[in-house]
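Visitor: The sequence isn't on hand, but the structure is:
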């Protein structure tokens, strides 16, 4: 059955009213929405870092020839500047150490040796003056005071150049405290001796023990520390600057590679900027090598023919002074102090003299072998001759003392009678002082030459490195200009 289509119109006769359509009228525009803060993307786990982006940019630049040239130029400049900076730094250290050898550590080492020698000689003069009694020569008293004043002055100098709180500073402070104590004991001994009181000998023995057991060991330790410092400065000054040399070779190799690359790509043999940078690197490398070699030769010479001889001569003078002190004290104490030698007891100071004079002979032989010219050998030979005569005269004086002839033995020691041992000791000491002066001059000349070989090298290396880096940048810049 077919249904008729349904109509949406109202059927006829319907009472449903018709609603007319209302036309659309546009209203006023809506106000603009104020801008809010920009949305910040949240950093997620997959966000790339600035470094990774930089690497990508560098990789992208390296795909083009201008980009590669810029990278090569930057690396070459960095290598050359780094080479110059390391060379300047290392050569500054070595030049400073060489200057310390010449003007600081060696003079302080000699000052420490002078402190020891002055103290030992003061002790010798005090014993000689006491032994002479009322016949004490003014020269003995003057020499004693000169030695004390010299030791005090050297201690002030050493204190000014030592680090606060260091072992050397503590040793110097101890010596400064002990020096007045020692002087007081000596003056008390002299006062009692002039009055004829035997107790003066006890005070002198106490003064000698203070010197031998406390002051001289401390002075010796100070001397050893300053020698260690000197050896350390020598090692620093002579150490080859391997880091600078290695970086220089690397920079030169990079420059050669860059020039070869330039030749293969452009068929141009030379790039003036790169050639300049290479020449500068070669000059700095040669300057470092030759300058350091010359400095090392000079420093080695100053040590072998200066410091070593000075050390031996200082030891020889100390042995001579100690032998003289023991010789005097053997007569003053008259066998009161003994030591066991083998199965028998012997005078301690007589044994001490024999030990020190044997050490003096050995040191003089060593100093003679180290002397490298006639001016250095002559005073050592003279000292050796005077030492042999001293031994002979001492044997005579000791025999007289052992035989009970004290007055004769004393005259042969202090210089009242003929052929005294005091003249031999004075001649030995004068010859050793002359030899020390010669070797000190030898040291200063050689060390000055070694230090001067490094003069200007740190600044020159830095300036040339800047020039070389500029040449490398300009050379690469010339190639880049061809792409514009």
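Guide: Good, I have the coordinates. Here the structure is a predicted model, which means the values were calculated and not measured.
Visitor: so residue 203 touches residue 188, yeah?
Guide: Yes: if you go by CB atoms under 8 Å, residue 203 and residue 188 touch, sitting 4.6 Å apart. (C-beta placed from N, C-alpha, C; glycine too.)
Visitor: Helix or strand for the nearest residue to residue 398 once chain neighbours are set aside, just tell me which one.
Guide: Of all residues not flanking residue 398 in the chain, residue 350 sits nearest, at 6.6 Å (CB to CB, 6 or more residues apart in numbering). Using DSSP states H and E, residue 350 falls within helix 348-370.
Visitor: Buried ones in that helix, by neighbour count?
Guide: By 16 or more other CB atoms under 10 Å, the buried positions in helix 348-370 come out as 348-354, 356-357, 359-361, 363-364, 366-368, 370.
Visitor: Could you give me the buried positions within the helix or strand that that helix is followed by?
Guide: Using DSSP H and E, the helix or strand that directly follows helix 348-370 along the chain is helix 374-402. Across helix 374-402, burial judged by 16+ other CB under 10 Å covers 376-377, 379-384, 386-387, 390-391, 393-394, 397-398, 400-401.
Visitor: same question, stretch 281-295
Guide: Buried, per 16+ other CB under 10 Å, within stretch 281-295: 281, 284, 285, 287, 288, 291, 292, 295.
Visitor: Closest one to residue 157 out of those residues, please.
Guide: Closest approach to residue 157 among the buried residues of stretch 281-295 (CB to CB): residue 295, at 27.5 Å.
Visitor: OK, contacts around that closest one?
Guide: By CB atoms under 8 Å, 6 or more residues apart in numbering, the contact list for residue 295 reads 94, 98, 237, 238, 450, 451, 453, 454.
Visitor: Let's see that with 6 Å instead.
Guide: Going by CB atoms under 6 Å, 6 or more residues apart in numbering, residue 295 touches 450, 453, 454.
Visitor: Going by neighbour count, which residues of the helix or strand hosting residue 111 are buried?
Guide: Per DSSP H and E: residue 111 is located in helix 106-132. For helix 106-132, burial by neighbour count (16+ other CB under 10 Å) applies to 106-132.
Visitor: Stretch 89-100 too?
Guide: Those would be 90, 91, 92, 94, 95, 96, 97, 98, 99, 100, for stretch 89-100 by 16+ other CB under 10 Å.
Visitor: List the ones among those that fall in helices.
Guide: 90, 91, 92, 94, 95, 96, 97, 98, 99, 100 (DSSP state H).
Visitor: per-residue pLDDT, the spatially most central residue of the chain?
Guide: Among the residues of the chain, the one closest to the centroid is residue 233, at 3.0 Å (CA atoms, centre = their mean). Looking at residue 233, its pLDDT is 92.
Visitor: Any chance you could list what contacts stretch 119-132?
Guide: Contacts of stretch 119-132 (CB under 6 Å, 6+ apart): 136, 140, 143-144, 147-148, 151, 186, 189, 193, 204, 211, 215, 219, 318, 321, 324-325, 328-329, 331-332, 414.
Visitor: what's the answer for stretch 251-268, then?
Guide: By CB under 6 Å, 6+ apart, stretch 251-268 touches 72, 76, 79, 80, 83, 271, 274, 277, 278, 281.
Visitor: give me that answer again for 8 Å
Guide: Everything outside stretch 251-268 that qualifies as a contact, by CB under 8 Å, 6+ apart, is 65, 72, 75-76, 79-80, 82-83, 269-271, 274-275, 277-278, 281-282, 285, 468, 472, 476, 479.
Visitor: same thing with stretch 214-221?
Guide: 112, 115, 116, 119, 120, 167, 171, 174, 175, 178, 179, 182.
Visitor: Name the nearest of these relative to residue 305.
Guide: Of the contacts of stretch 214-221, the one sitting nearest to residue 305 (CB to CB) turns out to be residue 112, at 20.9 Å.
Visitor: Now do the same for the closest one: its pLDDT.
Guide: 89.
Visitor: contacting residues around residue 299?
Guide: So residue 299 contacts 98, 101, 234, 237, 238, 446, 447, 450 (CB under 8 Å, 6+ apart).
Visitor: Now, those that are in strands?
Guide: Among those, no residue falls in strands (DSSP state E).
Visitor: As JSON lines, those with distance to residue 462 would be great.
Guide: Output for these, formatted as JSON lines (distance: CB to CB, whole Å):
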{"residue": "98", "distance to residue 462": "19"}
{"residue": "101", "distance to residue 462": "24"}
{"residue": "234", "distance to residue 462": "26"}
{"residue": "237", "distance to residue 462": "20"}
{"residue": "238", "distance to residue 462": "22"}
{"residue": "446", "distance to residue 462": "28"}
{"residue": "447", "distance to residue 462": "25"}
{"residue": "450", "distance to residue 462": "22"}
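Visitor: hey, where'd the helices end up in the stretch 101-250 of the chain?
Guide: 106-132, 138-161, 167-194, 199-210, 216-238, 242-266 (DSSP state H, counting those that start in this stretch).
Visitor: Figure out how far the longest one is from the centre of its chain.
Guide: When you say that, I think you mean helix 167-194. With CA atoms, centre = their mean, to the nearest Å as the basis, helix 167-194 stands 32 Å off its chain's centre.
Visitor: Give the buried residues for that helix.
Guide: Buried residues in helix 167-194 (16+ other CB under 10 Å): 168-169, 171-172, 174-175, 178-179, 182-183, 185-186, 188-190, 192-193.
Visitor: cool, stretch 73-85 as well?
Guide: For stretch 73-85, by 16+ other CB under 10 Å, it's 73, 76, 77, 79, 80, 81, 82, 83, 84, 85.
Visitor: between the residues you listed, which is nearest residue 314?
Guide: residue 85 (42.0 Å).
Visitor: ok, now which ones touch the closest one?
Guide: Residue 85 neighbours (CB under 8 Å, 6+ apart): 462, 465.
Visitor: sorry, back to before: and the contacts of stretch 251-268, which of them are in strands?
Guide: Using DSSP E, none of the contacts of stretch 251-268 sit in strands.
Visitor: coming back round to it: so which of the helices of the stretch 101-250 of the chain gets nearest residue 464?
Guide: helix 242-266 (10.9 Å).
Visitor: buried residues in that closest one?
Guide: Result for helix 242-266 [16+ other CB under 10 Å]: buried residues 244, 245, 247, 248, 251, 252, 254, 255, 258, 259, 262.
Visitor: got a list of contacts for stretch 358-374?
Guide: Against stretch 358-374 from outside (CB under 8 Å, 6+ apart): 305, 308-309, 312-313, 315-316, 319-320, 323, 377, 380-381, 383-384, 387, 428, 435, 439, 442.
Visitor: pLDDT on that stretch, on average?
Guide: The average pLDDT for stretch 358-374 rounds to 92.
Visitor: Give me the pLDDT value at residue 123.
Guide: Reading off the model, residue 123 has pLDDT 89.
Visitor: got it, and the one 10 residues further on?
Guide: Residue 133 is assigned a predicted lDDT (pLDDT) of 73.
Visitor: just residue 314 next, same as before
Guide: 91.
Visitor: In terms of secondary structure, what does the helix or strand harbouring it contact?
Guide: Of the helices and strands defined by DSSP H and E, residue 314 is found in helix 308-333. The elements that helix 308-333 packs onto, with contact taken as 3 or more CB pairs under 8 Å, 6 or more residues apart in numbering; DSSP states H and E, are helix 106-132, helix 199-210, helix 348-370, helix 374-402, helix 406-414, helix 421-452.
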